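**Student:** test case, fold it:
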Amino acid sequence: MSYKWSAKTSSKEKPLSHLPFSGVITALITPFNNEGNLDLPAFNDFLKYQKKSGVHGVVILGTTGENVALSEEESEQLVLSALDHQTDHFHIYVGTGTNSTQTTIIKSMKYAQMKSSTGQLAKGVMVVTPYYNRPSQNGLIKHYEEVAKSISDTPICIYNVPSRTGVNLLPQTLVQISLENKNIVAIKEAAGNVNAVAEMRIALNHVGKQNFKILSGDDATYVPALMCGAEGVISVTSNVIPKAMLDILDNFKKGDLSSVQKLHLAAFCINNGLFSVPNPIGVKWILSHLRICGTNLRAPLYPASDKEAEMLKGILFQLEKNNIKILT
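**Tutor:** Residues are numbered from 1 along each chain as shown. Coordinates of the predicted model:
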């Protein structure tokens with residue numbers, strides 16, 4: 001018998017697709033052609049697919065999009081192209097964080113104000129904790145305060161990923177940032193530590209910030225993070241299995257934990273295994289294998305080796321065996 005658990009929801013609650021930084025959001029790859037240039041046709045085709053899949057939005061210029069290897073001209077092309085696909089139900093977010101507060105402000109202002117040919121503005125920006133510099137917790141508070149003031153009308157999602165940045169934003173720091181900056185509305189918590197998610201949710205609720213969103217940034221712990229207070233995911237694997245990632249959230253919101261567990265275990269082979277190679281090597285190999293884009297990356301990242309490719313083939317085989325739909 002399936003165990004049913006009912007979450008308390010308001011009948012007046014807006015659909016996730018209307019709220020910034022909610023639901024299942026894909027951390028989108030950036031396709032390159034064989035000459036190493038942007039493959040804009042593949043990018044636009046893949047955006048159409050993601051939109052059709054039902055995900056609530058995509059992040060452009062994130063880590064999975066190889067943002068640090070892109071020129072400003074290329075970044076502008078990608079954002080303008082992406083904004084043409086935006087609707088009320090499919091949001092475009094832009095990664096603007098750097099390890100310099102001033103540069104982050106300049107980029108955030110630029111992409112918060114950039115309009116598509118149809119007048120669309122990005123629904124928000126995602127700002128990673130400054131990498132390499134390793135600021136103190138007080139430094140993080142000041143960094144986000146300055147960025148938030150520079151784009152006071154634009155929703156901001158903090159991106160906490162200590163394995164890449166060398167600094168970990170703590171729950172009490174998040175509380176202070178959330179209380180002092182009204183347009184900082186979410187955090188992508190990618191430490192892979194569900195205890196941190198729980199501590200953040202408890203601390204935020206304690207100060208009346210129940211509406212501040214915590215999004216899992218670690219696909220392998222997506223389901224445990226939901227149980228600990230996350231409200232969605234910014235996902236790499238939704239490039240490949242968007243339906244499964246959406247179904248997990250839908251079933252969780254319905255309280256159907258039996259179905260959530262089944263999906264979690266069936267998709268675990270990709271949600272965990274894909275990151276045994278540096279991201280986005282794995283996801284690009286799989287999408288290339290599925291004829292979505294090429295395997296081309298920007299150095300110092302290189303396409304999967306033969307041994308890595310065999311492992312990735314195994315993931316696809318296991319997904320099929322577990323009845324997880326790919327690219328549908």
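**Student:** low-confidence stretches in the chain?
**Tutor:** 1-17, 328 (pLDDT under 70).
**Student:** any idea what the most centrally placed residue in the chain is bridged to?
**Tutor:** What sits nearest the mean C-alpha location of the chain, by C-alpha atoms, centre = their mean, is Ile234, with 2.5 Å. In this entry, Ile234 is beta-bridged to Ile25, by DSSP bridges.
**Student:** that one contacts Val59, doesn't it?
**Tutor:** Yes. In terms of C-beta atoms under 8 Å, Ile234 counts as a neighbour of Val59; the distance is 6.0 Å. Using the backbone N, CA and C atoms, a C-beta is placed for each residue, glycine as well.
**Student:** quick check: neighbours shared by the two?
**Tutor:** Contact with both Ile234 and Val59 is made by residues Ile25, Thr26, Ala27, Met126, according to C-beta atoms under 8 Å, 6 or more residues apart in numbering.
**Student:** what about the first one, distance to Phe46?
**Tutor:** Ile25 is 15 Å from Phe46, where distance means C-beta to C-beta, to the nearest Å.
**Student:** and the second one, by the same measure?
**Tutor:** Between Thr26 and Phe46 the computed distance is 10 Å (C-beta to C-beta).
**Student:** okay, those two: which has more neighbours?
**Tutor:** Taking other C-beta atoms under 10 Å, Thr26 and Phe46 do not tie; Thr26 has more neighbours (27 against 22).
**Student:** returning to that earlier point: among the shared contacts of Ile234 and Val59, list the two that are farthest apart in space.
**Tutor:** Of all pairs drawn from the shared contacts of Ile234 and Val59, the greatest distance, 12.5 Å, lies between Thr26 and Met126 (C-beta to C-beta).
**Student:** can you pull the residues that touch both of these two?
**Tutor:** Common neighbours of Thr26 and Met126 (C-beta under 8 Å, 6+ apart) are Val59, Ile234.
**Student:** now do the same contact list for Trp285.
**Tutor:** Thr295, Pro303, Ala304, Glu308, Ala309, Leu312.
**Student:** so which of these are in helices?
**Tutor:** Cross-referencing the contacts of Trp285 against helices under DSSP state H gives Glu308, Ala309, Leu312.
**Student:** if you count neighbours, what's buried in stretch 276-288?
**Tutor:** Counting neighbours by 16 or more other C-beta atoms under 10 Å, one finds that the buried residues in stretch 276-288 are Val277, Asn279, Pro280, Ile281, Gly282, Val283, Lys284, Trp285, Ile286, Leu287, Ser288.
**Student:** mind putting those in CSV, secondary structure and distance to Ile202 included?
**Tutor:** Output for the buried residues of stretch 276-288, formatted as CSV (DSSP: H, G, I helix; E, B strand; the rest coil; distance: C-beta to C-beta, whole Å):
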residue, secondary structure, distance to Ile202
Val277, coil, 35
Asn279, coil, 30
Pro280, coil, 33
Ile281, helix, 36
Gly282, helix, 34
Val283, helix, 33
Lys284, helix, 38
Trp285, helix, 39
Ile286, helix, 37
Leu287, helix, 38
Ser288, helix, 42
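**Student:** contacts for stretch 65-72?
**Tutor:** 27-30, 59, 61, 75, 78, 95, 280, 297-299, 301.
**Student:** for these, could you give me CSV that also reports secondary structure and distance to Phe212?
**Tutor:** Shown next, in CSV, are the contacts of stretch 65-72 (three-state DSSP; distance: C-beta to C-beta, whole Å):
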residue, secondary structure, distance to Phe212
Ala27, strand, 21
Leu28, coil, 24
Ile29, coil, 29
Thr30, coil, 30
Val59, strand, 18
Leu61, coil, 23
Ser75, helix, 28
Leu78, helix, 29
Gly95, strand, 20
Pro280, coil, 28
Leu297, coil, 35
Arg298, coil, 34
Ala299, coil, 38
Leu301, coil, 33
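**Student:** in PyMOL, select just the buried ones from those residues.
**Tutor:** Selection of the buried residues among those in PyMOL, burial being defined by 16+ other C-beta under 10 Å:
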select buried, resi 27+28+29+30+59+61+75+78+95+280+297
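**Student:** what is the nearest of the contacts of stretch 65-72 to Phe317?
**Tutor:** Pro280 (20.7 Å).
**Student:** I figured that closest one hits Val236, correct?
**Tutor:** Yes. The pair Pro280 / Val236 is scored as a contact, 7.0 Å apart, by C-beta under 8 Å.
**Student:** need the overlap of contacts for those two.
**Tutor:** With C-beta under 8 Å, 6+ apart, Pro280 and Val236 have common neighbours Thr64.
**Student:** re earlier: need the max-distance pair from the contacts of stretch 65-72.
**Tutor:** Val59 and Ala299 (22.7 Å).
**Student:** how close does the closest residue to Gly282 other than its chain neighbours get to Ser150?
**Tutor:** Excluding the flanking residues, the one nearest Gly282 by C-beta to C-beta, 6 or more residues apart in numbering is Leu274, at 4.3 Å. In this view, Leu274 and Ser150 are 35 Å apart by C-beta to C-beta.
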